[in-house]
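>>> structure for the following, please:
(2 chains)
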Number of protein chains: 2
Amino acid sequence: MQLLEERILKGGKVYPGNVLKVSGFLNHLIDESLIDEIGKEISARFFEEHITKILTVEASGIAIACAAARYLHAPVLFAKKSKTINISDSCFSAEVRSYTHGNVSTIVVEKSCLDSGDVVLIVDDFLAMGEAVRGLMSLVSQAGAKLAGCAIAIEKGFQPGGAELRAQGVRVESLAIIESMTDDSLTFRKCK
Amino acid sequence: MQLLEERILKGGKVYPGNVLKVSGFLNHLIDESLIDEIGKEISARFFEEHITKILTVEASGIAIACAAARYLHAPVLFAKKSKTINISDSCFSAEVRSYTHGNVSTIVVEKSCLDSGDVVLIVDDFLAMGEAVRGLMSLVSQAGAKLAGCAIAIEKGFQPGGAELRAQGVRVESLAIIESMTDDSLTFRKCK
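Model (predicted):
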């Protein structure tokens, strides 16, 4: 997606440890027109799948998931990162390792919000090692729901998550795939 | 806002400790058409203020803030709840006590995302004791930005946050104000 690639080149910042910071337009300050275009593009790629739930994980996936929801006419379900007293005990849960934050967290969704009749699209801002997506896939599987695929804003193509998921037969649509990234250069994979 | 009141009556659940659970349509599973109507209503109430930033706090305020952003044509800035290695050291920060979660957390926004030229609308899903709003107001004040007001989906009118903020001269627009709440009844304040 050319618009997203342009914004990454213009406003993204590379930090040691393969960290790409896009907090100026995507996951801290959120450009409302960019996010709307991202939602439209995700919808165009998955519209024929008749998605019934868009599943993401708090917090930075929510804006993208909501943008897609407007065009796919499906509700968003966001997994929470730890149990709170507001979350029922009747939850599906999975453990997710974050390489960025250096920790393991439990993600949960209420069982009443996801069931075997659902056709689920997983949405997130980043795909790198694939840990968050695998955690979300586990929730879909526990519910007996159908996974239509994953829509990702930015995939780090030089890390194995995307390739591993595709090798498993999961449909992964990333709107921008970074082929290589150094302090002073960033190249994208050519997409269809 | 009649649509929101109807959804609360139909799908909200009351738990001990003045907890109103709306996770079936507002802050876990998110009804995309309801949230769009909420965004439209917030925009109608604040359109003339020429908002330049919509400020909320992760995670459950994000969807509502993004819905308002589409109609107000302003970016969303969501405060994060603790420092991560992805957040720059140059942050505005404030402490927020959560009565629901029984803890105190630090909320942060990057200084580069908020400045003295901004006209800020604070958005959140709930207003009860007003702690989150006061934390967000502190961030606005630290940046030297102008506060246009607060747009809240559900205010617990029997708790003091809203009244205290209005007494301070803050414009607080709540789309549904709960006057009283028991296990088997829920009444709304009549609004203009």
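>>> looking at this, A:Leu147 is in a strand?
Yes: according to DSSP: H, G, I helix; E, B strand; the rest coil, A:Leu147 belongs to a strand.
>>> thought it was touching A:Val120?
Yes: between A:Leu147 and A:Val120 there is a contact under C-beta atoms under 8 Å: 5.5 Å. Placement of C-beta: from N, CA and C, glycine included.
>>> between those two, what contacts are shared?
A:Val140 (C-beta atoms under 8 Å, 6 or more residues apart in numbering or on different chains).
>>> between those two, who's got more neighbours?
A:Val120 (26 against 18; other C-beta atoms under 10 Å in any protein chain shown).
>>> and the gap between A:Lys21 and chain B?
6 Å (C-beta to the nearest C-beta, to the nearest Å).
>>> typed the wrong thing, it's A:Ile54
On the measure of C-beta to the nearest C-beta, A:Ile54 and chain B end up 8 Å apart.
>>> ok, now which ones touch A:Leu26?
A:7, A:34-35, A:60, A:125, A:153-154.
>>> contacts for the longest helix anywhere in chain A?
Determined from DSSP state H, the single longest helix within chain A is helix A:32-46. Identification of contacts with helix A:32-46 by C-beta under 8 Å, 6+ apart yields A:1, A:3-4, A:7, A:25-26, A:63-64, A:66-72, A:121, A:123, A:148-149, A:151, A:153, A:173, A:175, B:66, B:69-70, B:73-76.
>>> next step: the residues you listed restricted to helices.
A:3-4, A:7, A:63-64, A:66-72, B:66, B:69-70.
>>> put the buried members of those into a PyMOL selection.
When burial is assessed using 16 or more other C-beta atoms under 10 Å in any protein chain shown, the buried subset of those is captured in PyMOL by this command:
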select buried, (chain A and resi 4+7+63+64+66+67+68+69+70+71+72) or (chain B and resi 66+69+70)
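>>> which stretches of chain A form strands?
A:13-15, A:19-21, A:29-30, A:53-57, A:76-79, A:91-98, A:103-110, A:119-127, A:146-156, A:172-182, A:185-188 (DSSP state E).
>>> note down every partner strand of the third one and its orientation.
Paired neighbours of strand A:29-30 in the sheet (DSSP bridges): strand B:76-79 (antiparallel).
>>> pull the CA atoms of the strand it pairs with into PDB?
Coordinates of each C-alpha in strand B:76-79 appear next as PDB, following Å, rounded to 0.1, in the frame of the first residue of the first chain:
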ATOM      1  CA  VAL B  76      -6.200  10.600  17.900                       C
ATOM      2  CA  LEU B  77      -3.500  10.600  20.600                       C
ATOM      3  CA  PHE B  78      -3.800   7.800  23.100                       C
ATOM      4  CA  ALA B  79      -1.900   7.900  26.300                       C
END
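>>> nearest the geometric middle of chain A, what residue?
A:Asp124 (1.2 Å; C-alpha atoms, centre = their mean).
>>> look up how far A:Lys111 lies from that one.
22 Å (C-beta to C-beta, to the nearest Å).
>>> I am finished for the moment; much appreciated.
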